[in-house]
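Asks: With the sequence up front, the predicted model follows.
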Amino acid sequence: KEIYENRGSKTDAELLEEARQRGLDLAAQVNRLVGLGAKVIVSTVPDVGLTPWAVAKGATEAKLLTDLTLALNGRLRVNMLNDGRYIGLVLLDEQTQTAVRYPSIFGLSDGNALKLAACAVALPDCSPQTLVTGASADNWMWADELRMGVSMQRNLGNLAAARARYNPF
């Protein structure tokens, strides 16, 4: 989101290069931790192009945000020391894409539950009593414009716990 919002007069190609560089920088920091002996769980960035914030910007801008997500995550993934011994990788970008394609697998409703925020008030003040009409805390993908809802957060936690448990650290 930051790259997109601070783009000024940059071209899409320049934005993509900035996203790639940030992926490289992030991978370098993860590798630095590994070099110090840490075992880490790393998550890719969720597909920002699927957020209510991006959807509201229209198809062209949402596609650019998906492309920026792919650029950052791609460089992160190929430049980390990811052989399973030091890093447990959670593919949250792929998880969000799969949830949009097959919402029932994740216990999500389709339609507005995939495209709109469930919260009618800003986080952290959102509660089951402050949801938009028709929303549910458990079956809407997004809590607000950019943050995942309860079901997706739970799924992320389960994925991270599985990586921590089953990677050969």
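Replies: Sure thing, it's come through. Since the structure is predicted, the reported quantities are computational estimates derived from the model, not experimental observations.

Asks: Select the longest helix from this structure.
Replies: helix 12-35 (DSSP state H).

Asks: which residues does the nearest residue to residue 22 once chain neighbours are set aside contact?
Replies: Counting by C-beta to C-beta, 6 or more residues apart in numbering, residue 22 lies nearest to residue 72, which is 5.4 Å off, once chain neighbours are set aside. All C-beta atoms are positioned from the backbone trio N, CA, C, and that covers glycine. With contact set as C-beta atoms under 8 Å, 6 or more residues apart in numbering, residue 72 has these partners: 19, 20, 22, 23, 26, 45.

Asks: same thing with residue 20?
Replies: 71, 72, 74, 75.

Asks: Of those residues, keep whichever come out buried.
Replies: Buried members of the contacts of residue 20, counted by 16 or more other C-beta atoms under 10 Å: 71, 72, 75.

Asks: Check those residues against residue 1 and report the nearest one.
Replies: Using C-beta to C-beta, residue 72 comes nearest to residue 1 of these, at 11.2 Å.

Asks: What are the buried residues along the helix or strand encompassing the closest one?
Replies: Using DSSP states H and E, residue 72 sits in helix 59-79. Buried positions in helix 59-79, judged by neighbour count with 16+ other C-beta under 10 Å: 62, 64-73, 75-77, 79.

Asks: Provide the backbone phi and psi angles at residue 40.
Replies: Main-chain torsions, residue 40, degrees, to the nearest 10: phi -130, psi 150.

Asks: what's the burial count for it?
Replies: 17 (other C-beta atoms under 10 Å).

Asks: my guess is it contacts residue 86, does it?
Replies: Yes - the criterion here is C-beta atoms under 8 Å, and residue 40 meets it with residue 86 at 7.0 Å.

Asks: and for these two, which residues touch both?
Replies: Counting by C-beta under 8 Å, 6+ apart, the residues touching both residue 40 and residue 86 are residue 34.

Asks: helix/strand/coil for the residue positioned nearest the centre of the chain?
Replies: Centroid-nearest residue in the chain: residue 46, 1.5 Å away (criterion: C-alpha atoms, centre = their mean). With DSSP: H, G, I helix; E, B strand; the rest coil as the basis, residue 46 sits in coil.

Asks: Who's the closest spatial neighbour of it, skipping the chain neighbours?
Replies: Residue 46 sits nearest to residue 96 (C-beta to C-beta, 6+ apart), 4.3 Å away.
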